[in-house]
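Colleague: Predicted model, plus sequence, below.
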Amino acid sequence: MTANKNFKRRVRARAAKTGQSYTTALRHFRQAPAGDLMAEPKQLRLAVAQTILREDPRDSAGLRDSGRDIRRLMREAHEAGAALVHFPEGVTCSPHKRVMSVEGPDKVGPADWNRFEWNVLRQELAAIAEAARELRLWTVLGSVHRLTPPHRPHNSLYVISDRGEVVTRYDERMLSNTKVTHMYTPGSAPVTFGIDGLRFGLLLGMEVHFPELFIEYERLDVDCVLFSTAGPGRQTDDGSFATQAQAHAATNSYWVSYAGPAQDAVSGAPSGVISPAGRWVARCIEDGKPSMTIVDLDSGPRNFARLCRRTARSGVYDPHFVQDDHRSDDRRVF
């Protein structure tokens with residue numbers, strides 16, 4: 001009885017610390033039944049893409065080129081047997097701050113969103129959703145999401161199901177100073193969704209700099225975080241975003257899919273997938289051209305590193321804390 005009470009106390013302590021329900025907190029402690037250490041893992045084939053970054057939303061032809069690139073890569077993912085394809089931030093168009101600035105191009109100022117060819121964007125997104133339905137392919141892609149004027153849009157990731165329906169949307173929360181001052185409305189919450197028993201979380205833009213967002217998804221029990229970026233500040237990525245993504249995968253013991261622009265591939269940051277051990281298991285070609293790579297994800301039979309960290313964070317040390325009343329002589333070093 002004492003052991004059972006102590007176990008329940010640890011579960012309640014974790015629930016209080018993380019804000020989870022008791023049932024969700026319990027999942028972090030529950031062991032597999034005796035003799036069931038190799039429970040059947042859940043599996044899913046993921047395609048992650050890199051695409052050409054286009055930055056002028058006034059360019060209708062460019063928007064249509066982006067749509068064609070996306071649908072071509074979707075077909076390749078389908079032919080490779082993927083259930084889910086993951087695209088970068090702003091894969092339809094990632095508007096440049098100087099193109100959008102009412103005071104530009106020499107000075108960065110408030111964005112004029114009337115410059116965006118919204119009708120063309122809607123047509124391309126509708127065609128992408130229809131392709132997802134035809135191919136029976138889940139699709140996650142970055143796009144600007146328009147709000148009712150005068151509100152600025154979100155910088156978002158759409159999750160389109162294999163029925164061609166937008167089932168959820170993630171809005172970038174940790175915006176750069178320029179984005180939040182002149183361009184976008186920030187999001188406010190994490191977003192998860194499930195496919196075939198695996199759970200995915202979504203992050204975007206420069207959010208790789210914020211470990212608390214990745215820890216948040218570990219607490220939400222995801223198997224994989226889909227991180228989409230347009231690169232650091234429109235400068236050639238030196239690999240720092242990708243390196244940080246590796247660290248987050250290793251310290252949270254889940255898969256991370258890294259989708260970025262093809263332009264960054266030539267300087268050492270191609271798109272790819274990182275294992276829960278923090279190792280790249282597949283990466284796109286480093287030639288600066290649109291391409292994709294395929295990985296078979298699994299939930300893993302037992303993730304002991306993740307279980308260990310969860311136990312350590314659960315309050316397991318609390319009963320062992322002591323208060324030593326011994327007062328050392330001030331003249332001694334130790």
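Modeller: Perfect, thanks for sending it.
Colleague: can I have stretch 284-298 written out in PDB, keeping just the CAs?
Modeller: Provided in PDB are the C-alpha atoms of stretch 284-298 (Å, rounded to 0.1, in the frame of the first residue of the first chain):
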ATOM      1  CA  CYS A 284      18.300  15.600 -49.200                       C
ATOM      2  CA  ILE A 285      20.800  16.200 -52.000                       C
ATOM      3  CA  GLU A 286      23.100  19.100 -51.400                       C
ATOM      4  CA  ASP A 287      22.800  20.600 -54.900                       C
ATOM      5  CA  GLY A 288      20.400  23.500 -54.200                       C
ATOM      6  CA  LYS A 289      17.500  22.000 -56.100                       C
ATOM      7  CA  PRO A 290      14.100  20.900 -54.900                       C
ATOM      8  CA  SER A 291      14.300  17.300 -53.700                       C
ATOM      9  CA  MET A 292      13.100  15.000 -50.900                       C
ATOM     10  CA  THR A 293      14.200  12.100 -48.800                       C
ATOM     11  CA  ILE A 294      12.200   9.200 -47.200                       C
ATOM     12  CA  VAL A 295      12.400   7.700 -43.700                       C
ATOM     13  CA  ASP A 296      10.300   5.100 -42.000                       C
ATOM     14  CA  LEU A 297       9.400   6.400 -38.600                       C
ATOM     15  CA  ASP A 298       8.500   4.200 -35.700                       C
END
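Colleague: Let me see the mean pLDDT of it.
Modeller: The average pLDDT within stretch 284-298 is 94.
Colleague: ok, residues contacting that stretch?
Modeller: Applying Cβ atoms under 8 Å, 6 or more residues apart in numbering, the external contacts of stretch 284-298 come out as 41-52, 69, 72-73, 76-77, 80-82, 85, 198, 223-224, 255, 257, 262-263, 265-266, 268, 270-273, 281-283. Glycine gets a C-beta too; all of them are placed from N, C-alpha and C.
Colleague: for that stretch, the distance to its chain's centre please.
Modeller: For stretch 284-298, the separation from the chain centroid amounts to 17 Å (computed by Cα atoms, centre = their mean, to the nearest Å).
Colleague: Name the residues of that stretch that are buried.
Modeller: If you call a residue buried by 16 or more other Cβ atoms under 10 Å, then stretch 284-298 has these buried ones: 284-286, 288, 290-295, 297.
Colleague: Same question for stretch 100-115.
Modeller: By 16+ other Cβ under 10 Å, the buried positions in stretch 100-115 come out as 100-101, 108, 111, 113.
Colleague: what's the span of it from first residue to last?
Modeller: 7 Å (Cα to Cα, to the nearest Å).
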